[in-house]
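Visitor: Task: produce atomic coordinates for the following.
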Amino acid sequence: MASEAKIIATIPRSATEQLQISINEYKGKSYLDLRIYYTTDDGLNWLPTKKGVTVSPENLELLKDAIDEAMKEFMTTDDAE
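Guide: Below you'll find the predicted structure:
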C-alpha cells in the first residue's frame, strides 16, 4: 500500500481547479507530482485529474534550474514594463 502524499504547495487556478505539488510514492519509489485537482463541492473535496506530471528525484535539479531560468526571464520582462 502506498503512503499518503505529502502536499508541498497548492496553487489556485480557478474556483474549481488547483495545481497540487506533492511528494508521492509508487511501487516503493518516491517522486515529485505536479497535478491538476478539481472540486465540485465548493472545495470540500479535491479530486485528481489525469493532467499532471511526475518528476523523479534524479531530475529535480534540472527542474529547479529550469524554474530559476524562467524566474530570471520573468523578472527581466517585468522590469522592462
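
Visitor: Using the three-state scheme, assign the closest residue to residue 33 other than its chain neighbours.
Guide: Once flanking residues are discounted, residue 33 sits nearest to residue 24: 4.5 Å by CB to CB, 6 or more residues apart in numbering. For every residue, glycine as well, the C-beta is placed using N, CA and C. What DSSP: H, G, I helix; E, B strand; the rest coil gives for residue 24 is strand.

Visitor: count of neighbours near residue 24?
Guide: Residue 24 has 17 neighbours, counted by other CB atoms under 10 Å.

Visitor: so it sits right up against residue 34, yeah?
Guide: No. Contact criterion CB atoms under 8 Å: residue 24 and residue 34 do not qualify, at 10.4 Å.

Visitor: where do the helices sit along the protein?
Guide: For the chain, the helices defined by DSSP state H occupy 60-80.

Visitor: wait, isn't residue 53 in contact with residue 34?
Guide: Yes. Residue 53 is within contact range of residue 34, at 5.3 Å (criterion: CB under 8 Å).

Visitor: Which one's more surrounded, these two?
Guide: residue 34 (17 against 10).

Visitor: so what sits against both of residue 24 and residue 34?
Guide: residue 54 (CB atoms under 8 Å, 6 or more residues apart in numbering).

Visitor: Just grab the bridge partners of the residue nearest to residue 33 for me.
Guide: residue 31 (DSSP bridges).

Visitor: what stretches of the protein score poorly on pLDDT?
Guide: Residue ranges of the chain with pLDDT under 70: 1-3, 77-81.

Visitor: contacting residues around the closest residue to residue 6 other than its chain neighbours?
Guide: Spatial nearest neighbour of residue 6, excluding adjacent residues (CB to CB, 6+ apart): residue 23 at 4.5 Å. If you count contacts by CB under 8 Å, 6+ apart, residue 23 has them with 5-6, 8, 30-33.
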